[in-house]
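Participant: Mind folding the following:
(4 chains)
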There are 2 protein chains.
Amino acid sequence: MPYAVKAMPRPRSLSQADVAVAALAVIDRDGLAALTMRSVAGELGLATMGLYRYVLGREQLEQLVADHVLAAVDTRVPARGGWPARVSTLAARLRAAVATHPEVVPLIVTHRATCPAARRWAEATLEVLAAAGFAGMARVIALRALLSYLIGSLQLDDRGSLTGPGTAALAALPAGEYPLLAETARLGQRVSPDEEFRRGLIVLLRGLEAALSTPD
Amino acid sequence: MPYAVKAMPRPRSLSQADVAVAALAVIDRDGLAALTMRSVAGELGLATMGLYRYVLGREQLEQLVADHVLAAVDTRVPARGGWPARVSTLAARLRAAVATHPEVVPLIVTHRATCPAARRWAEATLEVLAAAGFAGMARVIALRALLSYLIGSLQLDDRGSLTGPGTAALAALPAGEYPLLAETARLGQRVSPDEEFRRGLIVLLRGLEAALSTPD
DNA sequence: TTCGTTGGCGTGCGATGTACGCCTACGACC
DNA sequence: GGTCGTAGGCGTACATCGCACGCCAACGAA
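Facilitator: Coordinates of the predicted model:
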């Protein structure tokens, strides 16, 4: 049966996007810990092992989820603004997409490298950096620094947001042991995660501006 | 039996540090996935459930490991150098300690918030920042930006180092689709993780210097 | 000598990922 | 229109995980 690529005996009834949507539904409803081959299969109306017709295993299921969330990011290069503003826009878009499903942060962090959507984002960011004058090693460092900050921020938002219980515990610490940390925690409770992210990114971008004018 | 704190019927034969060391031995030998209540108990010469006499559960076992690794960090404030050099030293020390056991990175990231050792590090860093003139909100943002970069860097080193297979795959990509990404990946393969971290940190520190002189 | 406290062990349960073999629907071909 | 091979989907079964629970044994205090 040569060349019979389409119109196979029984066509797949589910797309990979369907699977990803079902998995996200489970995660959003019952939390990341509830993401299970069984639970996703159930969400799709399949028996447990039926899911394996669409996914190689748990690993690929997680990748599908991560890529589906990142696929929602608009990766067109922003038209307006200087290069710091453009990079900032790209970063904010990615962050906003992830914020739609906060529980998937660990999956994004883990599977980022193999997501096509993440590659598109990186390519767009590199275009902005290149147009700004970053070349060679400086561009490598710039992208990696942005990525590090981005990933770290997502992680900190997920576990250990300034508005969360961790900071509250720090703020309530007896003043004797960690005076500065306690004071900083108290102040930090008044900073929204978005503002924290934005201002930290500004700091990093200022550093990149400095690096650009001093090619060391 | 009042006040009978020491000299109990059968004194604990293992300290929490012993447990952490055993867990680290398992991780270093067989990988993080091999970290199991059973495997750690076996490493200690206990039966599986015997381990529960020393640890509340898997959660606390992981915390013990994370804290044990971070406890090796020298958190004294560096005596010499300007404030950027001091912050840099503190960051490098933390990174070096984690690099001793690369597999524990996910544990550190997850349990950082509840580690006393991490608090000591934060307090030391805040001392340097405060002495440099960072106050109020600016200090909050500075610490969080440093933390984000640090956490992100660790994560990127763990999964997705520039010298690892992920970057190699990117570098081998057909030039048509992601030209800048492929070129950047090729360049990146020649950057050691240490150098990447150091140079990215310099960028961030420059941004902090700028923020200090322009209190916005 | 007795007793209560505590370290440590063994069994067993529910949940997870998935290997493996089976049945069945259906398009392609004669 | 009958036949057949392919691929979708299911069910069973298993190794492994964390851990609840109850037991025994050792040992200091009385």
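Participant: is stretch A:138-151 anywhere near chain B?
Facilitator: Yes: counting by CB under 8 Å from any CB of the partner chain, chain B has neighbours in stretch A:138-151: A:139-145, A:147-151. In short, each C-beta sits where N, CA and C put it, glycine included.
Participant: now stretch A:93-100
Facilitator: No: if you take CB under 8 Å from any CB as the test, stretch A:93-100 misses chain B, and the best it gets is 11.8 Å.
Participant: hey, which helix is longest across chain A?
Facilitator: helix A:136-158 (DSSP state H).
Participant: Nearest spatial neighbour of A:P179, chain-adjacent residues omitted?
Facilitator: B:E123 (7.9 Å; CB to CB, 6 or more residues apart in numbering or on different chains).
Participant: neighbours around the residue nearest to A:A132 when sequence neighbours are not counted, how many?
Facilitator: Computed as CB to CB, 6+ apart, the closest residue to A:A132 that is not its neighbour in sequence is A:W83, at 3.6 Å. Number of residues near A:W83 (other CB atoms under 10 Å in any protein chain shown) recorded here: 19.
Participant: Hmm, A:A130 is touching A:R139, no?
Facilitator: Yes: contact criterion CB atoms under 8 Å: A:A130 and A:R139 qualify, at 6.5 Å.
Participant: Looking at these two now, which is surrounded by more residues?
Facilitator: A:R139 (21 against 17).
Participant: where do the helices sit along chain A?
Facilitator: Under DSSP H, chain A gives helices at A:16-30, A:37-43, A:58-70, A:83-99, A:105-111, A:116-132, A:136-158, A:165-171, A:179-188, A:193-213.
Participant: Render the CA-only coordinates of the fourth one in CSV, please.
Facilitator: The one in question is helix A:83-99. Taking Å, rounded to 0.1, in the frame of the first residue of the first chain, the C-alpha atoms of helix A:83-99 are listed here in CSV:
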residue,chain,number,x,y,z
TRP,A,83,15.1,47.7,21.6
PRO,A,84,14.7,47.5,25.4
ALA,A,85,11.0,48.1,25.0
ARG,A,86,10.7,45.5,22.4
VAL,A,87,12.6,42.9,24.4
SER,A,88,10.4,43.9,27.3
THR,A,89,7.3,43.3,25.3
LEU,A,90,8.4,39.9,24.2
ALA,A,91,9.2,38.9,27.7
ALA,A,92,5.9,40.2,29.0
ARG,A,93,4.0,38.3,26.4
LEU,A,94,5.7,35.1,27.4
ARG,A,95,5.1,35.7,31.0
ALA,A,96,1.4,36.6,30.4
ALA,A,97,0.9,33.4,28.5
VAL,A,98,2.3,31.3,31.3
ALA,A,99,0.4,33.2,33.9
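Participant: Report the buried residues of it.
Facilitator: Using 16 or more other CB atoms under 10 Å in any protein chain shown as the test for burial, helix A:83-99 gives A:83-84, A:86-91, A:93-95, A:97-98.
Participant: now swap in stretch A:100-107 and tell me
Facilitator: In stretch A:100-107, counting by 16+ other CB under 10 Å, buried: A:101, A:103-107.
Participant: ok, now stretch A:17-33?
Facilitator: A:19-24, A:26-27, A:32.
Participant: In CSV: the buried residues of stretch A:100-107, plus distance to DNA strand C and pLDDT.
Facilitator: Converted to CSV, these look like this (distance: CB to the nearest atom of the strand, whole Å; pLDDT from 0 to 100):
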residue, distance to DNA strand C, pLDDT
A:H101, 18, 96
A:E103, 15, 95
A:V104, 15, 96
A:V105, 18, 96
A:P106, 14, 95
A:L107, 12, 96
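Participant: Grab the two from those residues that are most spread out in space.
Facilitator: A:H101 and A:P106 (11.4 Å; CB to CB).
Participant: any weak-confidence spans in chain A?
Facilitator: A:1-12, A:215-216 (pLDDT under 70).
Participant: cutoff 50 now
Facilitator: Scanning chain A for pLDDT under 50 picks out A:1-7.
Participant: you'd agree A:R159 is up against B:P106?
Facilitator: No: in this structure, A:R159 is not within contact of B:P106 by CB under 8 Å, at 11.6 Å.
Participant: thinking again about what came up before, which of the helices of chain A is buried the deepest?
Facilitator: Stretch with highest mean neighbour count among those: helix A:136-158 (a mean of 23; mean count of other CB atoms under 10 Å in any protein chain shown).
Participant: Return the angle between stretch directions for it and helix B:179-188.
Facilitator: 100 degrees (axes from the mean of the first three to the mean of the last three CA atoms, to 10 degrees).
Participant: and the angle for helix A:136-158 with helix A:193-213?
Facilitator: Taking the same axes, to 10 degrees, one finds helix A:136-158 and helix A:193-213 inclined to each other by 170 degrees.
Participant: Check the offset of helix A:136-158 from the chain's centre.
Facilitator: Put simply, helix A:136-158 sits 11 Å off its chain's centre (CA atoms, centre = their mean, to the nearest Å).
Participant: before we move on, the earlier item: in terms of distance to DNA strand D, which of the buried residues of helix A:83-99 ranks first?
Facilitator: Among the buried residues of helix A:83-99, A:V98 lies closest to DNA strand D (CB to the nearest atom of the strand), at 27.9 Å.
Participant: can you pull the contacts of that closest one?
Facilitator: Neighbour list for A:V98: A:69-70, A:104-105, A:108, A:154 [criterion: CB atoms under 8 Å, 6 or more residues apart in numbering or on different chains].
Participant: Mind putting those residues into JSON lines with distance to DNA strand D?
Facilitator: Listed next are those as JSON lines, based on distance: CB to the nearest atom of the strand, whole Å:
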{"residue": "A:V69", "distance to DNA strand D": "24"}
{"residue": "A:L70", "distance to DNA strand D": "25"}
{"residue": "A:V104", "distance to DNA strand D": "22"}
{"residue": "A:V105", "distance to DNA strand D": "22"}
{"residue": "A:I108", "distance to DNA strand D": "24"}
{"residue": "A:L154", "distance to DNA strand D": "26"}
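Participant: before we move on, back to that, B:C115 is nearest to which of the helices of chain A?
Facilitator: helix A:165-171 (11.2 Å).
Participant: can you redo the helices of chain A as TSV with distance to B:S15?
Facilitator: Output for those, formatted as TSV (distance: least, CB to CB, whole Å):
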stretch	distance to B:S15
helix A:16-30	39
helix A:37-43	40
helix A:58-70	37
helix A:83-99	41
helix A:105-111	31
helix A:116-132	44
helix A:136-158	31
helix A:165-171	25
helix A:179-188	27
helix A:193-213	38
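Participant: closest one to B:A210 among the ones you listed?
Facilitator: That would be helix A:193-213 among the helices of chain A, by CB to CB, at 4.3 Å.
Participant: Need the residues that contact that closest one.
Facilitator: Here helix A:193-213 makes contact (CB under 8 Å, 6+ apart) with A:84, A:87-88, A:91-92, A:95, A:132-134, A:138, A:141-142, A:145-146, A:149, A:153, A:157, A:161-163, A:188, B:140-142, B:144-145, B:148-149, B:202-211.
Participant: Nice, that's everything, thank you.
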